[in-house]
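Chemist: next come a sequence and a model predicted from it.
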Amino acid sequence: MSRLRKAYSPRVLELFEALPRSGDLPPGGQVVHGEALALDRGAWVRFEARIEQGHIADCRFRAWGCPHTLAAAALAAERLATGGELPDARGLARELEAPAEKLGRFLVVEDAIQALMSEMGQVQ
């Protein structure tokens, strides 16, 4: 764990260790999905959100990648579920104090968010 503490910010470690909002939504209601994959960047992210009255009522994620990728997906799912501002790759990277070379992985998270929002727009 000491190697991880040197390589990642405290916020990344907190999110990576807990992985809040990871997994599947409980059954029921109208659900939309958004997914993005970039094997060359070592990242896959899938969001699913329950829609109620045209808004996201709950959001979960599944992801594969480095701790930065998983932490960013957890943070994004929380923002989506609580009606916060839609996160973008650069904002997530800044908040998680990620090195510039990780931006590609954050772009995968952003692409999955955009896919989710696109599907949400199609069902309304």
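Modeler: Yes, it's here. Residues are numbered from 1 along each chain as shown.
Chemist: out of the helices and strands in this structure, which is least certain?
Modeler: Sorting the helices and strands of the chain by mean pLDDT, DSSP states H and E puts helix 2-7 at the bottom, at a mean of 69.
Chemist: list the buried residues of the helix or strand that that helix is followed by.
Modeler: Moving toward the C-terminus from helix 2-7, the first helix or strand encountered (DSSP states H and E) is helix 10-18. Along helix 10-18, these residues count as buried under the neighbour rule (16 or more other CB atoms under 10 Å): 12-13, 15-16. Where C-beta positions appear, they are placed from N, C-alpha and C, glycine not excepted.
Chemist: any chance you could list what contacts the one helix or strand Leu116 maps to?
Modeler: Taking DSSP H and E as the definition, one finds Leu116 inside helix 103-123. Judged by CB atoms under 8 Å, 6 or more residues apart in numbering, the contacts made with helix 103-123 from elsewhere in the structure are 30, 32-38, 41-49, 51, 56, 63, 65-66, 68-69, 72-73, 76, 80, 86-90, 92-93, 98.
Chemist: what residue lies at the spatial centre of the chain?
Modeler: Ala73 (2.0 Å; CA atoms, centre = their mean).
Chemist: contacting residues for that one?
Modeler: Ala73 is in contact with 22, 45, 47, 61, 63, 109, 112, counting by CB under 8 Å, 6+ apart.
Chemist: now Val45: which helix or strand?
Modeler: Per DSSP H and E, Val45 falls inside strand 43-52.
Chemist: by contact count, what packs against that strand?
Modeler: Contact here means 3 or more CB pairs under 8 Å, 6 or more residues apart in numbering; DSSP states H and E; on that basis strand 43-52 packs against strand 30-38, strand 55-64, helix 67-81, helix 103-123.
Chemist: output those as a markdown table; include the columns mean pLDDT and distance to Ala7.
Modeler: As requested, those are arranged in a markdown table below (pLDDT from 0 to 100; distance: least, CB to CB, whole Å):
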| stretch | mean pLDDT | distance to Ala7 |
| --- | --- | --- |
| strand 30-38 | 97 | 21 |
| strand 55-64 | 97 | 18 |
| helix 67-81 | 97 | 8 |
| helix 103-123 | 94 | 14 |
